[in-house]
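Student: Sequence unavailable; structure follows:
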């Protein structure tokens with residue numbers, strides 16, 4: 001359509017969207033949220049790190065261990081720090097942990113059982129730390145070297161740098177370098193990063209499977225162990241000018257975050273079915289063809305950006321959970337989930353895009369047995385905005401014969417024939433503020449024309465695609481289809497009558513006041529979390545009652561949230577946030593001119609004690 005004929009929605013708060021709309025104006029969404037710290041100092045560059053070393057050497061600094069996460073540009077770090085130290089006439093001895101890895105062939109044999117064989121997507125979660133990646137005899141020798149170095153006269157400096165340095169346990173100071181997952185993955189897509197202990201980069205799909213199931217779980221175990229002892233925490237996403245904060249100040253910041261409503265930094269990615277709404281409304285890169293997903297609130301993927309005096313530093317979301325999970329989740333949920341924040345929020349944008357792949361998610365016992373996960377990927381779709389003809393596919397049609405359905409899907413894979421999905425999969429019209437429940441085993445997808453706030457359990461890659469309209473990924477390759485795995489998990493009894501009565505939310509008012517009401521949207525036995533909605537005009541008082549909340553402002557322009565510590569946080573339309581359990585009492589104030597609606601998601605009280613975490617019988 002010529003630009004002059006396009007319909008531009010001039011108001012970013014228009015709901016629902018006009019059918020003819022094709023351009024979407026910038027809204028108030030902030031894609032780069034920061035948490036302002038009030039204790040400590042964030043510094044930039046290698047000069048400040050070198051100065052700290054010079055000041056600490058007369059006080060006994062002889063052995064400095066610098067550990068860090070997968071993807072750190074270690075050569076750049078070494079070069080930058082050594083050059084900065086030369087200005088103080090300090091010439092350290094640098095030992096590279098990479099030299100102490102086991103032979104590549106041994107590492108590959110060790111991790112092979114966790115990589116899922118020929119499955120291109122799925123493996124089994126590695127249950128150990130990174131110790132097995134290193135030669136134990138050579139590490140023992142290096143440890144002795146560290147012990148001897150610590151006994152020398154002041155003036156000499158031995159630096160141990162690289163993933164796994166913290167395994168040595170002997171140091172005068174311990175530094176840790178972190179890197180955001182989106183930065184890491186962007187480098188891996190450019191084949192700049194190889195898996196831990198492997199010489200050469202892999203194609204991104206192979207890299208991601210290895211990282212997700214092996215490298216990241218192993219390094220997270222070590223990161224969690226080291227966090228209480230870190231003397232300096234460093235954000236290494238800009239290797240020429242890293243940001244740093246003292247370990248004590250970093251742990252103080254995590255303590256403060258755990259009692260204050262906060263946002264993580266979201267990130268966004270295009271896809272073959274992606275839409276155009278997020279690109280305009282959220283101010284994303286206009287050069288991208290579309291945006292399909294947001295990683296809005298996912299512990300394994302997001303970071304938290306700290307800010308002080310104009311300087312910023314990012315840490316991974318899991319650092320907060322390692323240090324403060326009981327204060328974030330609450331004691332009861334903390335006992336069940338430990339360091340895993342269990343609730344995921346993300347956006348699926350199909351506005352001016354296409355249908356998602358038709359898919360289902362694994363049943364609880366299947367995901368535990370096959371992939372080593374502790375919880376399954378139960379989902380819901382909250383429709384934030386939509387065009388008039390939008391639909392959500394959910395369950396099977398009454399006429400769907402499972403054998404014929406499978407035959408049609410397999411022939412499509414083998415012969416490239418199209419499948420009439422509407423003949424097999426039931427669909428329902430969708431409009432803003434509808435909620436569709438998608439318990440595991442339910443065939444589903446979003447149709448085109450929706451902006452979906454996907455509310456889910458945290459596992460996020462266990463999607464068994466059964467049909468994807470013969471589309472190719474943005475790199476040109478056909479998307480992987482999992483008909484066999486899907487049919488091991490589909491609940492074929494979920495047909496239209498059951499879907500209509502059980503999976504479409506019917507809001508129930510829990511309590512109300514003069515200008516507000518608290519509504520229950522979903523409370524189902526199959527799912528460990530509940531979804532509520534607060535609708536209010538001016539203010540609302542929230543008691544956390546030892547529960548942590550994932551929240552999203554689904555209507556209204558802006559709200560402020562103030563906890564007992566007095567810190568006020570801002571949340572704009574479509575932004576997501578965590579309200580930690582330790583916030584206790586939160587006062588929520590509407591800062592705009594229209595009524596607000598907030599979605600609240602939290603772990604159902606009694607999960608894991610009064611009733612099962614995931615009931616395999618449901």
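Tutor: Thanks, I have the structure now. Because the structure is a prediction, the values reported are computed rather than measured.
Student: Please count neighbours and contacts with C-alpha atoms only from this point.
Tutor: Noted.
Student: what number of residues lie near residue 586?
Tutor: 22 (other CA atoms under 10 Å).
Student: thought it was touching residue 560?
Tutor: No: using CA atoms under 8 Å, residue 586 makes no contact with residue 560, being 9.6 Å away.
Student: how much space between residue 504 and residue 383?
Tutor: 12 Å (CA to CA, to the nearest Å).
Student: what about the nearest residue to residue 129 once chain neighbours are set aside, neighbour count?
Tutor: Spatial nearest neighbour of residue 129, excluding adjacent residues (CA to CA, 6 or more residues apart in numbering): residue 218 at 4.1 Å. By other CA under 10 Å, 22 other residues sit near residue 218.
Student: now residue 113
Tutor: There are 12 residues near residue 113, going by other CA under 10 Å.
Student: Now it. Its backbone dihedrals?
Tutor: phi -60, psi -10 (degrees, to the nearest 10).
Student: got it, and residue 423?
Tutor: According to degrees, to the nearest 10, residue 423 has phi -80, psi -20.
Student: for it, what are its contacts?
Tutor: 397, 399, 400 (CA atoms under 8 Å, 6 or more residues apart in numbering).
Student: Now rank the residues you listed by neighbours and give me the top one.
Tutor: residue 397 (19 neighbours).
Student: hang on, isn't it packed against residue 425?
Tutor: Yes: the criterion here is CA under 8 Å, and residue 397 meets it with residue 425 at 5.2 Å.
Student: hey, where'd the helices end up in the stretch 401-550 of the chain?
Tutor: 402-415, 483-487, 496-502 (DSSP state H, counting those that start in this stretch).
Student: Quick check: mean pLDDT of the shortest one?
Tutor: When pLDDT is averaged over helix 483-487, the result is 97.
Student: in it, what counts as buried?
Tutor: 483, 485, 486, 487 (16 or more other CA atoms under 10 Å).
Student: now the first one
Tutor: When neighbours are counted by 16+ other CA under 10 Å, the buried residues of helix 402-415 are found to be 405, 406, 408, 409, 410, 412, 413.
Student: Ok, stretch 264-273 next?
Tutor: Neighbour counts using 16+ other CA under 10 Å place 264, 265, 266, 267, 268, 270, 271, 272, 273 of stretch 264-273 among the buried residues.
Student: same check, this time on stretch 288-304
Tutor: Residues of stretch 288-304 classed as buried under the neighbour-count rule (16+ other CA under 10 Å) are 290-304.
Student: hmm, who's touching that stretch?
Tutor: Under CA under 8 Å, 6+ apart, the answer for stretch 288-304 is 34-35, 180-182, 263-276, 278-279, 314-318, 340-341, 343-350, 458, 576-577.
Student: Quick one: end-to-end length of stretch 371-381, please.
Tutor: Across stretch 371-381, first to last residue, CA to CA, it's 24 Å.
Student: hmm, who's touching that stretch?
Tutor: 122-125, 361-364, 367-368, 435-440, 452-460, 462, 527, 613-614.
Student: Show me those that map onto strands.
Tutor: 435, 436, 437, 438, 452, 453, 454, 455, 456, 457 (DSSP state E).
Student: So for the nearest residue to the first one once chain neighbours are set aside, what's the pLDDT?
Tutor: Closest residue in space to residue 435, ignoring its immediate chain neighbours: residue 382 at 4.5 Å, by CA to CA, 6+ apart. If you check residue 382, the pLDDT there is 98.
Student: Same question for residue 616.
Tutor: 50.
Student: can you pull out the helices in the stretch 101-250 of the chain?
Tutor: Counting by DSSP H, counting those that start in this stretch, the helices of the stretch 101-250 of the chain are 104-111, 136-150, 181-189, 204-210, 216-226, 247-257.
Student: Tell me where the stretch 251-400 of the chain has helices.
Tutor: Under DSSP H, counting those that start in this stretch, the stretch 251-400 of the chain gives helices at 277-281, 317-329, 331-337, 364-371.
Student: still on that earlier bit, which one of the buried residues of stretch 264-273 is nearest residue 112?
Tutor: Proximity of the buried residues of stretch 264-273 to residue 112 (CA to CA) peaks at residue 271, which lies at 29.8 Å.
Student: Hmm, residue 473 and the closest one touching each other?
Tutor: Yes: assessed by CA under 8 Å, residue 271 is found in contact with residue 473 at 6.9 Å.
Student: Looking at stretch 537-552 now, give me its mean pLDDT.
Tutor: 97.
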